[in-house]
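Chemist: Structure for this input, please:
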Amino acid sequence: MFTAENLSKSFKKSIGRGPNETYARERFNEGEQLFNAKKYKEAAEKYAEAAERWPDSSLEEDAMFMQGESYFFNDKYSSATDAYSELMKKYANSRHQDKAVQRQFAIGQYWIKADQKNSDWPLTPNVTDKTRPWFDTFGNGVAAYDAVRLNDPRGALAPRDIVARAIDAEMKRTGQRCVFLDITHQPAEFVRERFPNIHETCLRLGIDITRQPIPVVPAAHYQCGGVRTDLNGFTGLRGLYAIGEVACTGLHGANRLASNSLLEGLVMAHRAHLDLVRTEPVNGNRLRKFDLPEWESGNVTDVDELVVIYHNWDEIRRLMWDYVGIVRSSKRLQRAAGRLRNLQHEVQEFYWNFKVSTDLLELRNLVTVAALIVDSALSRRESRGLHYTLDHPEIDPKCARDTLLWRW
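Modeler: Below you'll find the model as predicted:
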């Protein structure tokens, strides 16, 4: 016999067994109420039920994210990590992706900091096992920090050659195109005041660093030093002074340091000015003239195929990154040297057979400097600062001197 009460019970059982949008929304709303009441455990259960009852929908997407949030605020970090990961696996372009990634960063940082407090260096296996799946999935800044710590206890504050190699190794290990730099743990106003230019630049690229991590890749600094000068920036060629990254003034070591730019810009520029006033004084408004021969073009013609210049230009860039970048080897350096010899021959033919242009002069300078860097690297059979080679990974005290090469 069917009564109204029996029909009601039967209806409630039926909507609880299969997909039902109305039932799912009711559970989602209940989850919101519990979440706002800070009853995160119960909220997670309601969100999980909502997601299960209305799959492949925006409701499920929202419910999966809020399930992760409930675990996060309940300090259930392993469960939160799993929830965020499941969300981004199923909804690759989820509108909650940015926030989910931020949460994962926070969790990773928490685990690393907790490990630093509770155990001796290096990372304990449990923390590594816990964080590694996330590192493998996202290739993020905490993973890079972890990689740096495995080689240097200073972590991200280690010298830039160590940090660059750690990031490079992590990207190669995970197959990711970048790592992420995260400062979202700081107040937004602090970030905007402390890093105004970086903040504005990233905003123009669609990244709000107060809420989102910054994708970064390591940069190769191919050389420290450059044109040899005295302490006034004088090169030995009358009227030619060099300061900053183009010069070897004696202020740079085996690593680039940000403070050196200030030192070069202020100190060396001032000394170069005083030396110029002393050696090349100005008589009223008349500058002293230099006796230079007139340029003779000879029987040259206009460049017929600019594409050759641009191709060589691009090839030098790629060759230097691939063979003379962050981590070097004798075999790769020798391969680079061989290719650069061929390029030098091609460029010299262009230089003597066609009219000189800015692009051609720049290409000639590029291939000359690239060849100098490769020859210098091959001659240094050790690793020091930014020059790191797999064939000679240790510092050799006998090599603690500048490498000087000449090109005429």
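Chemist: For Leu340, what is the enclosing helix or strand?
Modeler: Applying DSSP states H and E as the criterion places Leu340 in helix 330-353.
Chemist: What are the contacting residues of that helix?
Modeler: 300-301, 303, 308-309, 312, 315-316, 319-320, 322-324, 360, 363-364, 367-368, 370-371, 374-375, 377-378, 389, 391 (CB atoms under 8 Å, 6 or more residues apart in numbering). For every residue, glycine as well, the C-beta is placed using N, CA and C.
Chemist: Selecting buried members of the residues you listed in ChimeraX, what would you type?
Modeler: Only the buried entries of those go into this ChimeraX selection, using 16 or more other CB atoms under 10 Å:
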select :303,309,312,316,319,320,323,324,360,363,364,367,370,371,374,375,377,378,389
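Chemist: From the contacts of helix 330-353, which land in helices?
Modeler: Of these, the ones assigned to helices by DSSP state H are 308-309, 312, 315-316, 319-320, 322-323, 360, 363-364, 367-368, 370-371, 374-375, 377-378.
Chemist: What ranges does the stretch 151-300 of the chain have for its strands?
Modeler: 179-181, 214-216, 227-228, 247-248 (DSSP state E, counting those that start in this stretch).
Chemist: same question for the first one, mean pLDDT?
Modeler: Okay, so that is strand 179-181. Mean pLDDT, strand 179-181: 81.
Chemist: try the second one
Modeler: pLDDT averaged over strand 214-216 equals 84, rounded to a whole number.
Chemist: any idea how far stretch 266-284 is from the chain center?
Modeler: Centre-to-centre, stretch 266-284 and its host chain are 39 Å apart (CA atoms, centre = their mean, to the nearest Å).
Chemist: list the buried ones in it?
Modeler: 268, 271-272, 275-276.
Chemist: Would you quantify the distance from the closest residue to Phe180 other than its chain neighbours to Gln104?
Modeler: Leaving aside its sequence neighbours, Phe180 sits nearest to Pro213 (CB to CB, 6 or more residues apart in numbering; 3.7 Å). According to CB to CB, to the nearest Å, Pro213 and Gln104 sit 10 Å apart.
Chemist: out of these two, which sits in the busier spot?
Modeler: Taking other CB atoms under 10 Å, Pro213 and Gln104 do not tie; Gln104 has more neighbours (27 against 23).
Chemist: secondary structure class for the more buried one?
Modeler: helix (DSSP: H, G, I helix; E, B strand; the rest coil).
Chemist: per-residue pLDDT, it?
Modeler: Reported pLDDT for Gln104: 72.
Chemist: any idea how far Pro159 is from Ser357?
Modeler: Pro159 is 40 Å from Ser357, by CB to CB.
Chemist: The helix or strand harbouring Glu32 packs against which elements?
Modeler: Taking DSSP H and E as the definition, Glu32 sits inside helix 21-36. Contacts defined by 3 or more CB pairs under 8 Å, 6 or more residues apart in numbering; DSSP states H and E place helix 21-36 against helix 4-17, helix 40-53, helix 58-73.
Chemist: Try it again at 7 Å.
Modeler: Counting contacts by 3 or more CB pairs under 7 Å, 6 or more residues apart in numbering; DSSP states H and E, helix 21-36 packs against helix 40-53, helix 58-73.
Chemist: Select, out of those, the one closest to Arg165.
Modeler: Go through the helices and strands packed on helix 21-36 one by one with CB to CB and the one that ends up closest to Arg165 is helix 58-73, at 33.2 Å.
Chemist: Same question for the closest one: list its buried residues.
Modeler: Quick answer for helix 58-73 (16+ other CB under 10 Å): 59-72.
Chemist: Next: stretch 353-364.
Modeler: So for stretch 353-364, counting by 16+ other CB under 10 Å, buried means 354, 360, 363-364.
Chemist: Can you get me the start-to-end distance on that stretch?
Modeler: Length of stretch 353-364, first residue to last, CA to CA, to the nearest Å: 14 Å.
Chemist: Stretch 202-210: how far from the chain's middle?
Modeler: So, by CA atoms, centre = their mean, the centroid of stretch 202-210 is 15 Å from its chain's centroid.
Chemist: What's opposite Val227 in the beta bridge?
Modeler: In this entry, Val227 is beta-bridged to Ala247, by DSSP bridges.
Chemist: I'd like to know how many residues surround it.
Modeler: Val227: 16 neighbours (other CB under 10 Å).
Chemist: Likewise for the one 5 residues further on?
Modeler: Taking other CB under 10 Å as the neighbour definition, Asn232 ends up with a count of 18.
Chemist: per-domain residue ranges of this protein.
Modeler: The chain resolves into domains spanning 17-95, 115-219, 227-279, 306-399 when parsed by automatic domain parsing.
Chemist: would you turn those into JSON lines with distance to Glu294?
Modeler: Listed next are the domains of the chain as JSON lines, based on distance: least, CB to CB, whole Å:
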{"stretch": "domain 17-95", "distance to Glu294": "63"}
{"stretch": "domain 115-219", "distance to Glu294": "42"}
{"stretch": "domain 227-279", "distance to Glu294": "18"}
{"stretch": "domain 306-399", "distance to Glu294": "13"}
